[in-house]
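> Quick one: sequence plus predicted model below, questions after.
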Amino acid sequence: MKKQISLNVQCPHCLTSLMDTENVLHDFPSIKLNITTPANRGIIHLCSVYECFDHRSNIEIKDNTVVDFYCPSCNRELLVNEECKLCDAPMVSFVLLTGGRVNICSRNGCSNHYVAFSDLTTEVTKFYNEFGV
């Protein structure tokens, strides 16, 4: 059985935790974000388990819709200056508490995501110590 890794993330702007322990998905805290679509504004809870694409939202998000993600604390947009290599939508970034970043595609239904480390030796060591993978 594959080990589930729940990523603990924070806003890259204000460094506030984005983890919501009151709204769990698959027995782990979710990642709570404010969102906007061309039709609506709402809140989304993303599954924090790496490679899980499950989510809950209080608004309907149609397939292939590009969603704008915002920190619920400082309300700054979480986009990075990068486009998805699979669908050309903007990428969204969160800071990992263990070091590094998690980037996800902003298009509903696209599965592009990855973890990036800037100080490879230190951050990968912390990541392996935390998750034991």
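Everything's here; your move. Numbering: from 1, shown residues only.

> Does anything pack onto the host helix or strand of residue 91? Which helices or strands?
Per DSSP states H and E: residue 91 is located in strand 90-96. Judged by 3 or more Cβ pairs under 8 Å, 6 or more residues apart in numbering; DSSP states H and E, strand 90-96 is in contact with strand 9-10, strand 79-83, strand 101-105. C-beta here means a position set from N, CA and C on the backbone, and glycine is covered the same way.

> Is it possible to get TSV of those strands that adds distance to residue 64?
Shown next, in TSV, are the helices and strands packed on strand 90-96 (distance: least, Cβ to Cβ, whole Å):
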stretch	distance to residue 64
strand 9-10	25
strand 79-83	15
strand 101-105	11
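
> related to what we said a few turns ago, could you give me the average pLDDT of the strand holding residue 91?
Mean pLDDT, computed over strand 90-96, is 95.

> Neighbouring strands of that strand in the sheet, and parallel or not?
According to DSSP bridges, strand 90-96 has the following sheet partners: strand 9-10 (antiparallel), strand 79-83 (antiparallel), strand 101-105 (antiparallel).

> rewinding a little: and residue 57, which of the helices and strands packed on strand 90-96 is closest to it?
strand 101-105 (14.7 Å; Cβ to Cβ).

> which residues in this structure form helices?
Ranges of helices within the chain are 120-131, based on DSSP state H.

> Please enumerate the strands of it.
9-10, 19-25, 28-36, 41-46, 55-57, 68-70, 79-83, 90-96, 101-105, 113-116 (DSSP state E).

> Please work out the angle formed by the directions of the longest one and strand 101-105.
Read it as strand 28-36. Put simply, strand 28-36 runs at 50 degrees to strand 101-105, going by axes from the mean of the first three to the mean of the last three Cα atoms, to 10 degrees.

> Could you give me the buried positions within strand 28-36?
28-35 (16 or more other Cβ atoms under 10 Å).

> any chance of those in a markdown table, plus distance to residue 4 and pLDDT?
Formatted as a markdown table, those follow (distance: Cβ to Cβ, whole Å; pLDDT from 0 to 100):
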| residue | distance to residue 4 | pLDDT |
| --- | --- | --- |
| 28 | 8 | 94 |
| 29 | 13 | 96 |
| 30 | 14 | 97 |
| 31 | 15 | 97 |
| 32 | 19 | 98 |
| 33 | 21 | 98 |
| 34 | 26 | 98 |
| 35 | 25 | 98 |
